[in-house]
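Participant: pasting the sequence and the predicted coordinates here, then a few questions.
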Amino acid sequence: MKQTRNLLVAGAIALMAGVFSACGGGSGAGSAEAEGAYLPTDGILGEYPKAVAEYEATEAAASAKYDELKKSNPEEASKFWSDYIAQGNTTKFKKETIPAIEKTLEGKEIPTEIAEGLPIRLDKSLTLDNSRHAKTSGVFTVGATKDTKYSNFVPVAFDTDGKAIAIGDGIRVKDFQAGEGKPFTVDYFISIKAHDAAGWAHLQKVVIMDKTSEAFKQVDEQVKAAKEAAK
């Protein structure tokens, strides 16, 4: 994920030189698009990871430019920021870009596996709706009892290199009690950030894991390290 961070930083630097040149120029869209160009759009999540990378690069560049100007010319910095806000990039991203992308994702399946030893069975793989929720259902199998710590069973997304991308919320049980034959649901909301956009662009599968297992602890450390490296 460090490579992702470096690419985003590089994109931000490029945008600082091109976005709003002299605090009054163009939108910098070309530079932003170049920043996200390295991400594929033929994966399970389509255009979503690339769109996030481009948006985050634009935001980082504008913020860096503002901080730079503020040191030498606060008045010009204020004008620059007002001009940037007036473009409505954030509003467009949240209310136009993301909703349009969500529609293209509806119905797509994410291959889903269950870690060895978990007393559960899935009805099908996680399937995306039109609001980036990947959902499925299943039942507890032999070995599950009312004392089964099902809240420890969480979905973990992996990329094509086998690296963990992000961890979702635990499975849900209607009456808060497990037991053989009892149904449950999984709702994994896909929220991409700048530091994990590359991983999501190469999403391969989701695995339901036990948070108390050694395998999960390694995954958790990997995800935390990626977030830390992006700071």
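Facilitator: Cool, the structure landed.
Participant: C-alpha from now on. contacts and neighbour counts both.
Facilitator: OK.
Participant: the chain: strands as residue ranges?
Facilitator: Applying DSSP state E to the chain gives strands spanning 109-110, 112-114, 120-122, 126-128, 133-140, 153-159, 164-167, 183-189, 203-210.
Participant: of the ones you listed, which is nearest Gly46?
Facilitator: strand 203-210 (10.1 Å; Cα to Cα).
Participant: pairing partners for that closest one, with directions?
Facilitator: strand 112-114 (parallel), strand 153-159 (antiparallel) (DSSP bridges).
Participant: quick one, that strand and strand 183-189 angle?
Facilitator: With axes from the mean of the first three to the mean of the last three Cα atoms, to 10 degrees as the basis, strand 203-210 and strand 183-189 are set at 130 degrees to each other.
Participant: report pLDDT for the spatially most central residue of the chain.
Facilitator: In the chain, the residue lying closest to the centroid (Cα atoms, centre = their mean) is Ile192, at 1.7 Å. With respect to pLDDT, Ile192 scores 96.
Participant: residues in contact with stretch 142-162?
Facilitator: The contact list for stretch 142-162, computed with Cα atoms under 8 Å, 6 or more residues apart in numbering, reads 119-120, 164-172, 177-180, 188, 199-200, 202-212.
Participant: contacting residues around the residue nearest to the centre of the chain?
Facilitator: Contacts of Ile192 by Cα under 8 Å, 6+ apart are 48-49, 52, 200.
Participant: okay, now the domains of this structure?
Facilitator: 2-105, 109-229 (automatic domain parsing).
Participant: low-confidence ranges, the protein, go.
Facilitator: 1-37 (pLDDT under 70).
Participant: re the thing from before, in helices, which of the contacts of Ile192 appear?
Facilitator: Mapping the contacts of Ile192 onto helices (DSSP state H) picks out 48-49, 52, 200.
Participant: can I get those in a markdown table with neighbour count and distance to Lys124?
Facilitator: Listed next are these as a markdown table, based on neighbours: other Cα atoms under 10 Å; distance: Cα to Cα, whole Å:
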| residue | neighbour count | distance to Lys124 |
| --- | --- | --- |
| Tyr48 | 25 | 23 |
| Pro49 | 26 | 24 |
| Val52 | 21 | 28 |
| Trp200 | 28 | 21 |
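Participant: now the residues you listed as a markdown table including distance to Lys92?
Facilitator: Formatted as a markdown table, those follow (distance: Cα to Cα, whole Å):
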| residue | distance to Lys92 |
| --- | --- |
| Tyr48 | 14 |
| Pro49 | 16 |
| Val52 | 12 |
| Trp200 | 22 |
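Participant: what is the most widely separated pair among these?
Facilitator: Farthest-apart pair in the ones in helices among the contacts of Ile192 is Val52 and Trp200; separation 10.5 Å (Cα to Cα).
Participant: what's the spacing between Val219 and Lys146?
Facilitator: Distance, Val219 to Lys146, using Cα to Cα, to the nearest Å: 27 Å.
Participant: neighbour count for these two, which is higher?
Facilitator: The neighbour count for Val219 versus Lys146, taken as other Cα atoms under 10 Å, is higher for Val219 (21 against 12).
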